[in-house]
Structures are given as structure tokens and as C-alpha cells.
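> Just the structure for this:
(one chain, ligands or ions: 1)
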Amino acid sequence: MTLLMGLEVEGRDVLVAGGGPVAARRAAALAGQGARVTVVAPQLCEDLVDLVAAAQARWVDREVREADVEGAWLVHAATDDPRVNEEVCRWATERRTWSVNAGGASAGTARTPATTSAGGLAVGVVSTGSPDPGRAAAVRDQLATVLHEGALDLRARRRRAGPGRVVLVGGGPGAEDLMTVRARRALAEADVVVTDRLGPVTALARLPETVEVIDVGKAPGRHSVPQDEINRIIVEQAQRGRTVVRLKGGDPFLFGRGGEEAIACRAHGIPVEVVPGVSSAIAAPAAAGVPVTHRGTSASVHITHGHGPLSPQAIHCVVRGSATLVLLMGVSTLAEHVAQLLAAGASADTPVAIVERATLESERTTRATLATVVGAAQEAAVEAPAVIVIGATAAEGLLEGSAANPGACG
Ligand code: SAH
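Okay, here's the model as predicted:
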């Protein structure tokens with residue numbers, strides 16, 4: 001019968017008999033957990049030479065002997081001679097030391113599990129009947145996939161000692177399946193989620209009840225939580241030892257104030273991790289079939305926000321047709337910006353696309369030109385959140401083939 005155990009190997013002597021690739025893998029795994037590894041073999045493969053050179057293992061340059069087993073907590077027999085492996089295991093058993101026979105279970109008293117880890121947990125798979133390392137590894141690989149994609153609840157059940165951490169998570173434009181695997185995993189580890197209004201907020205409904213959700217998002221008719229207060233909340237939550245996910249729409253560092261939050265955390269010695277997200281600046285146009293660059297049409301993109309007048313650089317992009325202009329938070333200032341662009345000499349025919357609530361069910365695109373867009377937006381009652389794209393790539397029919405490459409479709 002086999003009992004699965006976690007061994008605390010740090011600082012403990014372990015013997016690895018053999019110098020080949022299997023011995024190298026075992027030695028590296030043990031050294032990685034802080035074991036004091038002695039490799040006994042007349043020759044070493046390259047990986048073991050490297051491990052010894054990095055002072056991760058000690059090398060005894062000869063065939064293994066019975067005395068080598070003395071004092072070891074654990075023995076790995078991984079020579080290329082099955083009889084030697086069995087003998088090494090027998091020496092270990094005589095001393096009541098656990099041993100793994102790399103050539104099979106016979107004679108050894110322990111098995112090495114196929115392992116994977118995530119969120120401070122290690123998962124090991126061993127076969128309980130006759131050894132079947134291939135099957136154990138295949139099952140481990142499948143478990144690893146599930147663990148890493150955030151499908152399992154990985155939250156700590158006990159308060160950790162010391163400060164927690166903050167993960168600034170870019171959640172993408174809103175559709176849940178545009179969250180990254182890493183973002184999902186962060187949510188699966190979170191004790192508290194500090195969320196905005198934009199982004200994949202529907203995913204929050206499925207969090208276990210034990211996860212606290214703090215909504216700091218701007219909503220129409222409600223005062224938004226000032227940035228200083230948000231910084232204070234995430235720092236204070238992490239100081240209580242919790243894993244804090246700061247969930248944001250799009251990418252945390254594109255008009256997301258992620259930088260300010262990272263600085264606030266670091267100022268308090270709290271570890272911060274950043275999970276990049278699919279930004280609405282590129283994803284909203286893409287979802288509506290508007291490429292922000294297109295070979296032969298536009299080779300650069302200028303992304304800015306709609307607060308205040310447009311900068312000379314932003315105006316230049318449109319007037320010269322040199323770059324696609326992408327405006328976030330620009331719905332309420334659309335008329336001023338269009339007037340600014342036309343006054344600066346932009347062509348009235350310049351295509352404009354406005355993409356509202358991109359990637360959500362209610363996504364809607366309004367197409368127009370600089371001459372007509374203000375009226376069209378008014379008529380359609382366009383509202384935030386929306387991304388405005390100005391430039392040749394916003395032209396209707398660009399992706400039909402005929403506009404960009406008239407010869408292509410015959
Ligand atoms: N960090 C975010 C942007 C935050 S600023 C990102 O990278 O996407 C908020 C603005 O983003 C909104 O005013 C709107 O212009 C844009 N936005 C965010 N989500 C959107 C969506 N689903 N559809 C259209 N625009 C969106």
C-alpha cells in the first residue's frame with residue numbers, strides 16, 4: 001500500500017546514486033527544495049555537472065558503496081544497472097531509510113510522485129498499484145491545467161502570518177472569456193476583490209461567499225471613491241494578511257491608475273504583482289472589426305483620453321492621416337474634439353467609429369465621418385463606456401477586401 005506524504009527535505013542529507021538524466025532530475029528537484037544532495041557516480045551527465053558547478057549538489061566520483069547510505073534521510077537509486085539500484089535500496093531498507101528505485105518499485109520503499117504546484121500548494125500523483133509513471137504524469141498534467149486556469153478555489157482557509165499581497169489584475173474589456181488565464185487564477189486565490197465598474201464584473205457573482213468584494217467603481221449618479229481612498233483600502237486589506245485582487249477593466253496601466261496603486265503598495269512594503277489585461281483601446285475596435293493598424297492604411301496608433309482639448313500630437317495624427325487616433329473616455333467631449341480637428345484642417349471625410357460596451361452583449365458600433373459623427377452620436381444616444389476611433393482604418397468596408405486591395409476580390 002502507498003501513503004502519499006510531503007517530505008520536509010530542507011537541510012537534510014539525500015543520496016542520489018547515478019549520474020544520468022534521471023538522477024539529474026531527482027537531484028535538481030531535491031536541491032530545489034533545499035535538500036543537501038550527494039550524487040555518487042563515476043560519471044555525470046551535463047545537467048548534473050551544472051548542478052554540481054552551481055553548488056546545488058556534492059559529487060562523489062566513484063561507484064556507490066554501502067557506506068554512502070549512512071546518514072541519508074532518503075535515497076534515490078538511479079544508476080543504469082538494475083542490480084545496483086536494488087542493492088542500494090536494500091542497504092537503505094536495512095537502515096530504515098526510505099528509498100526510491102528509479103528502475104521500478106521493486107526493492108525501493110518509496111515512489112516519486114508526478115508533481116505540480118500553484119498558489120502555495122503542491123499536488124502529487126503516484127500510482128498505488130504497479131508503477132505507471134506515464135499515467136501519473138498524464139494525470140498530473142491535466143491537474144496542472146485545471147489548477148492554472150483558475151477553475152479551482154485556491155484560497156487560504158487560515159489567516160496567513162505577515163503581510164498579504166496585492167495583485168493588480170487587468171480583466172479585459174468586459175467579456176469574461178477575454179480575461180486571461182492568469183487573471184482567473186488570481187481571482188481563484190483572492191480573499192478580497194476591489195473592483196471597478198468596467199471589466200469582467202459578471203465573474204464576481206460566482207466567487208464564493210467568503211470572498212469580500214469591495215466596489216470602488218464610478219457609477220452614474222454616485223460619487224466615485226477617490227484614488228487615495230482606493231490606495232488606502234488595498235494597502236489596509238493586504239496588511240491584514242489577505243491576498244487582494246484589484247480588478248480593473250482592460251489593462252491596469254492604461255488609464256487605470258495601476259501605477260499609482262503599485263507605488264502606494266510598495267511604499268508600505270507590500271508585494272505587488274501586475275497581471276496585464278486586454279485593453280479596450282485595442283480590443284473594442286477589434287471586436288467591432290476595426291483594426292487599429294492596417295498594412296498600407298495606418299502604421300501607428302495614438303491612444304489618448306477625452307478629458308480636455310486634444311493635444312497637438314493627437315490632432316497631427318488625424319490632420320496628416322499619419323496614425324489612427326483612439327480616444328478613451330471621449331463621449332462627452334466628442335463635439336469639442338471634432339470641432340478642434342476640423343478647425344485644424346482634418347478632412348471632413350475622415351472615418352470615425354464609436355464602439356460602445358465592446359465585447360458585452362449590448363455592444364454597438366456607430367460609423368460616421370468627422371462631418372457627420374456628432375449628429376450620428378446624438379441620434380443614436382451614444383454613451384460611455386465607448387472607444388472612439390478616428391482615421392482611415394475606421395472606414396466601413398475596410399475588411400471586405402475591396403477597400404484596401406481593390407484587385408483582390410475581382
Ligand atoms: N484600463 C482600461 C481603460 C480605463 S479608462 C483599458 O485598458 O481598457 C475607461 C474607458 O475605457 C472608458 O471610458 C471607455 O473609453 C473605455 N472602455 C473600457 N471598457 C470598454 C468597453 N467594454 N467598451 C468600450 N469602451 C470601453
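> ok, what's across the strand from the residue lying closest to Val278 once chain neighbours are set aside?
Take Val278 and drop its neighbours on the chain: the residue closest to it by CB to CB, 6 or more residues apart in numbering is Gly172, 4.0 Å away. The way it works is simple: take the backbone N, C-alpha and C, and place the C-beta from them, glycine included. When bridges are called by DSSP bridges, Gly172 pairs up with Gly250.
> what separates the residue of the chain found nearest the ligand from Gly162, distance-wise?
Per CB to the nearest ligand atom, Gly250 is where the chain lies closest to the ligand, at 1.8 Å. Going from Gly250 to Gly162 by CB to CB, to the nearest Å gives 32 Å.
> burial count for the closest residue to Ala118 other than its chain neighbours?
Excluding its sequence neighbours, the residue lying closest to Ala118 (CB to CB, 6+ apart) is Leu147, at 4.2 Å. For Leu147, the count of nearby residues is 19 (other CB atoms under 10 Å).
> need the contact list for Leu147.
116, 118-119, 121, 123, 154 (CB atoms under 8 Å, 6 or more residues apart in numbering).
> can we see that at 7 Å?
116, 118, 123 (CB atoms under 7 Å, 6 or more residues apart in numbering).
> Next: Pro21.
Per CB under 7 Å, 6+ apart, neighbours of Pro21: 45, 47.
> What pLDDT is listed against it?
With respect to pLDDT, Pro21 has a value of 96.
> mind listing which of the contacts of Leu147 are in strands?
116, 118, 123 (DSSP state E).
> Please name the bridge partners of the first one.
Read that as Thr116. Thr116 forms beta bridges with Val123, as assigned by DSSP bridges.
> Tally up the residues packed near it, please.
20.
> check which helix or strand covers the residue nearest in space to the middle of the chain.
Central residue of the chain (CA atoms, centre = their mean): Arg182, 2.8 Å from the mean position. Taking DSSP states H and E as the criterion, Arg182 maps to helix 181-189.
> tally of neighbours for the closest residue to Glu86 other than its chain neighbours?
The shortest distance from Glu86 to any non-neighbouring residue, by CB to CB, 6+ apart, is to Ala107 (4.1 Å). Residues lying near Ala107 (other CB under 10 Å) number 19.
> Cross-check the contact I'm expecting between Ala107 and Val100.
No: the pair Ala107 / Val100 is not scored as a contact, 10.1 Å apart, by CB atoms under 7 Å.
> Now do the contacts for the residue nearest to Glu86.
Contacts of Ala107 by CB under 7 Å, 6+ apart are 86, 89-90, 101.
> Farthest-apart pair in the residues you listed, please.
Arg90 and Asn101 (9.9 Å; CB to CB).
> Neighbour count: the two, which is higher?
Using other CB under 10 Å as the criterion, Arg90 and Asn101 rank with Asn101 on top: 24 against 16.
> which residues touch the nearest residue in space to Ala203 that is not next to it in sequence?
In space, and not counting its chain neighbours, Ala203 is closest to Glu176: 5.1 Å by CB to CB, 6+ apart. By CB under 7 Å, 6+ apart, the residues touching Glu176 are 200, 202-203.
> Quick check: residues of the protein near the ligand?
For the chain, the residues in contact with the ligand (CB under 6 Å from any ligand atom) are 173-174, 198, 248-251, 254-256, 279-281, 284, 328-329, 355-359, 384-387.
> Just those: which are in helices?
In helices, judged by DSSP state H, the following of the residues of the chain next to the ligand are found: 280-281, 284.
> where does the closest residue to His307 other than its chain neighbours land on pLDDT?
The shortest distance from His307 to any non-neighbouring residue, by CB to CB, 6+ apart, is to Met329 (6.3 Å). At Met329, the model reports a pLDDT of 97.
> count of residues packed around Glu10?
Using other CB under 10 Å: Glu10 sits among 9 other residues.
> Hmm, it is touching Gly32, no?
No: between Glu10 and Gly32 there is no contact under CB under 7 Å: 10.5 Å.
> Could you pull out the helices in this protein for me?
Counting by DSSP H, the helices of the chain are 21-32, 46-53, 82-94, 133-148, 181-189, 227-239, 258-267, 280-287, 312-320, 334-343, 373-380.
> and among these, the most buried is which?
helix 280-287 (a mean of 24; mean count of other CB atoms under 10 Å).
> Count the neighbours of Val326 for me.
Residues near Val326, counting by other CB under 10 Å: 27.
> Identify the bridge partners of it.
For Val326, the beta-bridge partners are Ile303, Val389 (DSSP bridges).
> Quick check: it vs Leu204, distance?
28 Å.
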